[in-house]
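For reference, the sequence and a predicted model appear below.
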Amino acid sequence: MTAKDYADGAKPGAGAVGDVLCRLADIPDRDSRAFTVALNGKAREIFAVRLADEVFAYVNVCPHRQMPLNWKPDVFLAYDKSRILCTMHAATFDIRQGHCVGGPCPGQSLESVPVVIEDGVVRLGACADWAMKP
Ligand code: FES
């Protein structure tokens, strides 16, 4: 799949290293987007946060109670856009590292999803640990 394939705005079912998630321009700066990726035939929800020319992605599962973080589609940031927010019990996470920085799960982190940006396109990156999970 190429960025051109994605031009219609459809969210692809990416799952392999190098698969396209979206164009960088599809995520406004200091905003987030959700995606469904297919790993080993199983759908997993992930989300990506853009900070200028960088993108950080995580599995959409809060380490506190193993629940999705968001209740509104594509909304994963606190009101001031400085941290990732779990809307269930208000845990907050550092955008760059995914570490819990407030709320009920200190010492825990979101599960990172590697992404790379090439020619303005955000793709899944290589990470054996993540790719091997069922
Ligand atoms: S499930 Fe996320 S803070 Fe409780």
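Looks like it came in fine. Numbers count the residues shown, from 1 in each chain.

hang on, residue 85 packs against residue 78?
Yes: judged on CB atoms under 8 Å, residue 85 makes contact with residue 78 at a distance of 4.1 Å. Where C-beta positions appear, they are placed from N, C-alpha and C, glycine not excepted.

Could you name every residue contacting both of the two?
By the contact definition CB atoms under 8 Å, 6 or more residues apart in numbering, residue 85 and residue 78 are jointly contacted by residue 92.

so the most centrally placed residue in the chain bridges to which residues?
In the chain, the C-alpha nearest the mean C-alpha coordinate belongs to residue 47, at 2.4 Å (CA atoms, centre = their mean). Here residue 47 sits in beta bridges with residue 34, residue 58, as judged by DSSP bridges.

give the contact list for it.
So, once contact is read as CB under 8 Å, 6+ apart, residue 47 ends up touching 32-35, 57-58, 60, 69-70, 74, 76.

now do residue 93
Here residue 93 is in contact with 58, 83-86, 99-101, 109-110 (CB under 8 Å, 6+ apart).

so which of those residues comes closest to the ligand?
Of all the contacts of residue 93, residue 86 has the smallest distance to the ligand: 3.2 Å, by CB to the nearest ligand atom.

State the phi and psi torsions of the closest one.
Main-chain torsions, residue 86, degrees, to the nearest 10: phi -90, psi 120.

State the distance from it to residue 25.
Computed with CB to CB, to the nearest Å, the distance linking residue 86 and residue 25 is 27 Å.

Which one's more surrounded, these two?
residue 86 (27 against 11; other CB atoms under 10 Å).

what about the helices in this structure?
Using DSSP state H, the helices found in the chain span residues 128-132.

Tell me where it has strands.
Shown for the chain, the strands assigned by DSSP state E span residues 20-23, 31-39, 42-51, 54-59, 84-85, 92-93, 100-102, 112-113, 115-118, 121-124.

With that, I have no additional questions.
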